[in-house]
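[1] Give me a model of this one.
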Amino acid sequence: MTPAHHAPIGSVVREGDLVQCHLCGRWFRSVIAHLRSHGWDHLSYRQAFGLERGESLEGTDTGRRRARAMRARRVLDPNVRAGSQLGQVWVRSGALTDAAAQAARGRKHPAQRRLKTLQALAAISPAARTEGTRRRCLEHLQKTAAAAAARLGFIDIGALVRDRRAAGASLAGISREAGLHKDWLSRHLATVDPDAAHAITDDAAQLRHDTRWLPVIHGLGFTDVRGYLTDRHLVRHHSVRAIAAEVGFSRSAVETALARHGLTKAPHATSRQRCVERAVGVANRFGFPDIDAYLADRRAAGLSWRTIAAECDQPPSWLRRRAGRST
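    Down below sits the predicted model:
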């Protein structure tokens, strides 16, 4: 242990119970006591050589002896005990950490702290660092969204967007109303509330596809495409071909509109409905619950298909096709 090499800035060099002085390179059990010979105090020494305030400037054994002496004083001295208890309260409540952060605000970190930070960062894998950055950004976006929704009286950003979109507002307009950048919702809604983003995307796509339908169906007395298709296809049983002829679009356009609005296509809707109505009419005319019961009764009585056809005024081939079918 010679004074040939001084301790590097930002670290404390120890050998056993001795610590090296940055100023003269000599070794001491406690550099703090030695600093008076240089005319320095420990705060200026720490600042000059980039050491943290909590870094010990004593040898290991010296530090242990000092800790034992402090424990004894804590037992015997009520003032020391009271101060220690107050410090423990600050530690548990987080007040000590907050006070330390406040005191360090605006000051440059010492070299020792910067070195520790760089070492800690170097130990983090790129994947973990990327995930941490993503998680931190997501938390920031969620807090921003929650605050914006709360300012306008909504429980979350999704409720705000759905309400304003139903009133015809654009995402840019909603962003401005919430005190955000005009593009904030366009960029981040899918991140903070995927369900709301998906819903308005579907609504926008549906509105875009329905745009050319609206002038036509307005002239037919309807305000929306779903209502028109429900009336024509499911209530009146018009076929896809008949609807296409009425609105002037292709059959594929009508089929796409049915699927887009969640309506099941009924093949040959008009013909099938007419057939059902004919069968019900025959059964009712002769007092039977359905066409099957009527035909079974007449066949059991030994009547031929031609005789039955003459009785109900329906073609024999039609009656044969109806036999055994549910209406």
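[2] Neighbours of A33, how many?
    13 (other Cβ atoms under 10 Å). Where C-beta positions appear, they are placed from N, C-alpha and C, glycine not excepted.
[3] And for V282?
    So V282, with other Cβ under 10 Å, has 23 neighbours.
[4] Please give me every residue in contact with it.
    291, 294, 312, 314 (Cβ atoms under 8 Å, 6 or more residues apart in numbering).
[5] which of those tops the neighbour count?
    Scoring the contacts of V282 on neighbours with other Cβ under 10 Å, the highest-scoring entry is I291 at 26 neighbours.
[6] That one is in contact with R285, isn't it?
    No - with contact defined as Cβ atoms under 8 Å, I291 does not reach R285; the gap is 10.7 Å.
[7] domain parsing for the chain?
    For the chain, the structural domains run 1-123, 127-208, 211-267, 276-322, going by automatic domain parsing.
[8] average pLDDT for the third one?
    What that stands for is domain 211-267. Confidence for domain 211-267, expressed as mean pLDDT, is 86.
[9] and stretch 70-84, how far from the chain's centre?
    Put simply, stretch 70-84 sits 52 Å off its chain's centre (Cα atoms, centre = their mean, to the nearest Å).
[10] So what would you say the end-to-end distance of it is?
    From its first residue to its last, stretch 70-84 covers 10 Å (Cα to Cα, to the nearest Å).
[11] So which of the contacts of V282 belong to helices?
    Taking DSSP state H as the definition of helices, the contacts of V282 contribute 291, 294, 312.
[12] Closest to G221 out of the residues you listed?
    I291 (35.7 Å; Cβ to Cβ).
[13] What pLDDT is listed against the closest one?
    On the pLDDT scale, I291 gets 88.
[14] Spatially nearest residue to it (excluding sequence neighbours)?
    A279 (4.0 Å; Cβ to Cβ, 6 or more residues apart in numbering).
[15] ok so, going back, please identify which pair of the contacts of V282 lies farthest apart.
    The distance between the two most remote of the contacts of V282 (Cβ to Cβ) is 10.6 Å, for Y294 and Q314.
[16] what are the ranges of the helices in the stretch 51-200 of the chain?
    60-76, 78-93, 95-104, 111-122, 126-151, 157-166, 171-177, 184-192, 194-210 (DSSP state H, counting those that start in this stretch).
[17] Please apply the same query to the stretch 201-327 of the chain.
    214-219, 225-229, 240-247, 251-260, 269-285, 291-300, 305-312, 316-322.
[18] how about JSON lines for the ones you listed, with distance to A172 added?
    Output for those, formatted as JSON lines (distance: least, Cβ to Cβ, whole Å):
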{"stretch": "helix 214-219", "distance to A172": "24"}
{"stretch": "helix 225-229", "distance to A172": "27"}
{"stretch": "helix 240-247", "distance to A172": "33"}
{"stretch": "helix 251-260", "distance to A172": "26"}
{"stretch": "helix 269-285", "distance to A172": "43"}
{"stretch": "helix 291-300", "distance to A172": "61"}
{"stretch": "helix 305-312", "distance to A172": "67"}
{"stretch": "helix 316-322", "distance to A172": "61"}
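[19] And those: which comes nearest H42?
    Nearest of these to H42, taken as Cβ to Cβ: helix 251-260 at 76.6 Å.
[20] Contacts for the closest one, please.
    Taking Cβ under 8 Å, 6+ apart as the rule, helix 251-260 contacts 206, 209-210, 213, 225, 229, 233, 240-241, 243-244, 247, 264-265.
[21] relative to helix 240-247, how tilted is that helix?
    Interaxial angle of helix 251-260 relative to helix 240-247 (axes from the mean of the first three to the mean of the last three Cα atoms, to 10 degrees): 100 degrees.
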